[in-house]
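In: Would you be able to build a 3D model of this:
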Amino acid sequence: MVGPQLIPSLFKKSLDNFIAEKQEAKRADIVLVVKQGRPKEGSVVLASGALMVHAGSSDAMVFCTRKPKCALTFSHGSGQATLHVYEHKELACPELSEQARVLFRMMFEEAAASKGIISLHASTFVWNGQAFCVTGPSGSGKSTLTKNWLKAVPKSYVLNGDRPIIQLIDGLPFACGAPWSGTENIFINENAPLRAIVEVKKHCLNRIQRLDPRRAYTLLLKRVSKPQWNGEATGAVIEIIAIIVSKIPVYRCYCQDTLTAGEFLGSALITDANGISFIPEGEKEMKIKKGFVIRKVLEDYMAVPLGADSTAAQGAVMLNETGLFLWKKLQQPTTKEALLENILSEFAVNKKTVLEDLNEFLESLRKANVLEDD
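Out: Sure, this is the predicted structure:
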């Protein structure tokens with residue numbers, strides 16, 4: 001609950017659908033108020049990127065950025081959150097609104113984690129009363145695959161475009177709307193039973209495989225927000241991830257950036273889910289380590305290690321046209337099978353010969369210590 005006139009307009013827009021119907025503290029888990037001035041900050045318990053978390057008085061935490069225009073304090077005991085605006089004249093400043101949104105989300109995710117509720121980085125849509133989450137790192141194609149699903153599968157709609165809440169209701173996972181949604185700006189206050197989670201990877205072909213519980217657990221651990229400054233809440237997050245992967249299937253979908261990907265995924269999950277096989281045991285993902293820059297040298301290319309992250313690499317790596325093609329594919333985690341499919345779709349070559357060359361290329365990268373295996 002919050003006094004709407006005190007919240008910057010960009011921040012308030014995302015909260016409108018989630019404000020308690022009656023302005024009574026007893027009906028809300030979190031009561032949000034706004035004050036002028038700075039809060040008292042204690043010792044720093046987390047400094048990650050632009051975010052700073054301080055220990056406040058009693059059980060309170062103080063959230064702020066490195067160049068703050070505001071800060072947010074939250075007390076688990078009272079359930080009260082206070083947005084501290086440093087200067088009144090900046091109340092309508094877009095930068096303030098963005099900071100307030102980020103801090104509120106961090107505070108909310110910590111409070112939710114303590115109750116066994118998690119925030120998943122995923123695009124989420126609903127079809128036939130069931131929710132599907134599409135997850136992956138930024139730029140992997142989550143939004144594109146969701147849009148292609150919506151075009152291909154009638155009567156589907158987006159529940160949340162970026163960070164839905166996953167909650168256990170009667171022991172089963174449900175996807176719930178939340179007051180933040182990335183660039184999608186879709187804030188729907190609904191929930192639906194979670195049917196499946198899909199990890200998306202761009203590929204030349206449409207293909208889907210099911211993750212075994214170990215792989216599924218590892219994936220969700222990367223995509224779920226964890227309040228690292230709160231060990232108890234982080235433990236609760238880990239426990240609920242284990243329950244989720246035991247209750248619903250988690251898939252990896254290699255797909256094209258076309259409508260066919262939405263049609264393929266819809267057919268696979270709606271009509272042929274039982275026919276989706278698990279990833280073969282022993283199949284590993286790999287990727288290039290960080291800290292390389294590509295330079296052209298005559299007709300070939302050279303991957304040159306730079307910075308602290310590349311100190312373990314054994315010098316520069318020479319690449320021909322095919323090697324450069326594979327190097328680019330290896331910027332994101334992928335498998336040998338996926339690399340082989342990419343080569344065969346891009347070049348007119350013999351599969352047996354390509355497989356031998358691919359094995360030799362990957363082995364040379366391992367010897368140069370530039371390849372990370374899952």
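In: Could you measure from the residue nearest to the spatial centre of the chain over to Leu344?
Out: Centroid-nearest residue in the chain: His121, 3.1 Å away (criterion: CA atoms, centre = their mean). From His121 over to Leu344 the distance is 32 Å, taken as CB to CB, to the nearest Å. For glycine as for every other residue, the C-beta is placed from the backbone atoms N, C-alpha and C.
In: again with Ala192
Out: Counting by CB to CB, the gap from Ala192 to Leu344 is 39 Å.
In: which of the two has more neighbours?
Out: Ala192 (20 against 16; other CB atoms under 10 Å).
In: Let me see the domain layout of this structure.
Out: Under the assignment automatic domain parsing, the domains of the chain span 4-114, 117-275, 286-373.
In: Most tightly packed of the ones you listed?
Out: domain 117-275 (a mean of 18; mean count of other CB atoms under 10 Å).
In: Quote the end-to-end distance of that one.
Out: The first residue of domain 117-275 is 31 Å away from its last residue (CA to CA, to the nearest Å).
In: for this protein, what are the low-confidence residue spans?
Out: 1-13, 20-28, 58, 88-92, 307-315, 374 (pLDDT under 70).
In: Helices of that one, start to end?
Out: For the chain, applying DSSP state H gives helices covering 9-15, 94-114, 142-152, 213-223, 231-247, 259-271, 321-329, 336-346, 351-367.
In: Same list (those) but as a markdown table, adding distance to Cys70.
Out: Output for the helices of the chain, formatted as a markdown table (distance: least, CB to CB, whole Å):
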| stretch | distance to Cys70 |
| --- | --- |
| helix 9-15 | 10 |
| helix 94-114 | 5 |
| helix 142-152 | 29 |
| helix 213-223 | 28 |
| helix 231-247 | 23 |
| helix 259-271 | 40 |
| helix 321-329 | 41 |
| helix 336-346 | 45 |
| helix 351-367 | 47 |
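In: who wins for proximity to Gly182 among those helices?
Out: Gly182 lies closest, by CB to CB, to one member of the helices of the chain: helix 142-152, at 8.1 Å.
In: Packing partners of that closest one?
Out: Applying 3 or more CB pairs under 8 Å, 6 or more residues apart in numbering; DSSP states H and E, we find helix 142-152 packed against strand 122-127, strand 130-135, strand 157-160, strand 191-202, helix 259-271.
In: out of the helices of the chain, nearest to Ile30?
Out: Comparing the helices of the chain by CB to CB, helix 94-114 comes nearest, at 6.3 Å.
In: mind checking how far the closest one is from the chain centre?
Out: In this view, helix 94-114 has its centroid 16 Å away from the chain centroid, taken as CA atoms, centre = their mean, to the nearest Å.
In: For the helices and strands packed on helix 142-152, give me a markdown table that also has distance to Ala60.
Out: A markdown table is the format used below for the helices and strands packed on helix 142-152 (distance: least, CB to CB, whole Å):
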| stretch | distance to Ala60 |
| --- | --- |
| strand 122-127 | 30 |
| strand 130-135 | 32 |
| strand 157-160 | 29 |
| strand 191-202 | 29 |
| helix 259-271 | 44 |
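In: what's the closest of those to Ala178?
Out: Nearest to Ala178, of these and by CB to CB, is strand 157-160 at 5.8 Å.
In: Now do that closest one: which elements does it pack against?
Out: strand 122-127, helix 142-152.
In: at 6 Å instead, please
Out: Here strand 157-160 touches strand 122-127, going by 3 or more CB pairs under 6 Å, 6 or more residues apart in numbering; DSSP states H and E.
In: thinking again about what came up before, among the helices of the chain, which is nearest Ser277?
Out: helix 259-271 (11.3 Å).
In: Now do Ile240 against Leu194, distance only.
Out: Taking CB to CB, one finds Ile240 at 12 Å from Leu194.
In: same thing with Val250?
Out: Taken as CB to CB, the span from Val250 to Leu194 is 10 Å.
In: what's the answer for Phe125, then?
Out: Taking CB to CB, one finds Phe125 at 12 Å from Leu194.
In: Can you name the residues that contact the residue of the chain most remote from its centre?
Out: Within the chain, the residue lying farthest from the chain centre (CA atoms, centre = their mean) is Leu298, at 40.0 Å. Neighbour list for Leu298: empty [criterion: CB atoms under 6 Å, 6 or more residues apart in numbering].
In: Quickly list what the closest residue to Glu199 other than its chain neighbours is bridged to.
Out: Counting by CB to CB, 6 or more residues apart in numbering, Arg252 is the residue found nearest to Glu199 once chain neighbours are left out, at 4.7 Å. Judged by DSSP bridges, the bridge partners of Arg252 are Glu199, Gln209.
In: isn't Arg252 right up against Arg207?
Out: No: counting by CB atoms under 6 Å, Arg252 stays clear of Arg207, with 8.8 Å between them.
In: outside of stretch 328-338, which residues touch it?
Out: Contacts for stretch 328-338 (CB under 6 Å, 6+ apart): 283, 285, 287-288, 339, 342.
In: And the residues you listed, which is closest to Met106?
Out: Among the contacts of stretch 328-338, and counting by CB to CB, the member closest to Met106 is Lys287, at 28.3 Å.
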